[in-house]
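Undergrad: All I have is the shape, not the residue letters:
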């Protein structure tokens, strides 16, 4: 039987010849939420981009499988079709492409012909309401002139419409006010609360534990200098909130981790 989960083993990656990831081991199960925390420059976004196939990030060693499928040799669109989703820290604007057309095209790419137009409209309107988003956003150009909160809510709309198996949220909480943060948390929790066979697994990448007030993780991992130096339960985020990352940096510098 195929072993389900997003399974990362001994992953090393470099950017322009400089090694950033130095052997990452991580397992994300369906329906679980893991938080990956660490200071700037620790390699969190490098992990996200390496898994999703950004061409500037070279995987030099290790493996990554999605429900038993080796994804590292696949093109980015094939990884998405296999069920991997990335929410960007800085979503790009695409003038000339409406939100409705973009989301429809994305849904068609990963789940061809599974929703006729009427059911697609019904689903996207219900998801807009769940995220407290104005229906008037649909004809607007993708992220063009959107506020930071609107962009992040739109990422959550895409997540809800695409229904991936595993989602990586790269600092989705960055720059959000409390209302937008709550909406993001509600969207993640809703995806998690579906039937177990269909529940998405989430890797939430963040600096701060703010979003974890709305999404309770099953596990928290601390990344320093391209390595996961400690893993634990949700209480580990409270340690970061209280003490910061200095103690973990000292462990790495001292060769403890």
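TA: Cool, the structure landed. As the structure is a computational prediction, the values presented were derived from the model and not from experiment.

Undergrad: what ranges do the strands span in the stretch 101-250 of the chain?
TA: 141-142, 166-170, 201-206, 219-224, 227-232 (DSSP state E, counting those that start in this stretch).

Undergrad: Starting from the fourth one, tell me which strands it pairs with and how they run.
TA: It refers to strand 219-224. Under the criterion DSSP bridges, strand 219-224 sits next to strand 33-37 (parallel), strand 227-232 (antiparallel) in its sheet.

Undergrad: ok, now the shortest one?
TA: Each strand that strand 141-142 pairs with, and the sense of that pairing, follows from DSSP bridges: strand 94-98 (antiparallel).

Undergrad: Show me the contact partners of the partner strand.
TA: Contacts of strand 94-98 with the rest of the structure, by Cβ atoms under 8 Å, 6 or more residues apart in numbering, involve 102, 138, 139, 140, 141, 142, 143, 144. From N, CA and C alone the C-beta is placed, and that goes for glycine too.

Undergrad: Name the residues of that strand that are buried.
TA: If you call a residue buried by 16 or more other Cβ atoms under 10 Å, then strand 94-98 has these buried ones: residue 98.

Undergrad: Stretch 184-203 too?
TA: Under 16+ other Cβ under 10 Å, the buried positions of stretch 184-203 are 184-188, 190-192, 199-203.

Undergrad: Distance of the most centrally placed residue in the chain relative to residue 244?
TA: Centroid-nearest residue in the chain: residue 168, 1.7 Å away (criterion: Cα atoms, centre = their mean). Distance check for residue 168 against residue 244: by Cβ to Cβ, to the nearest Å, it reads 24 Å.
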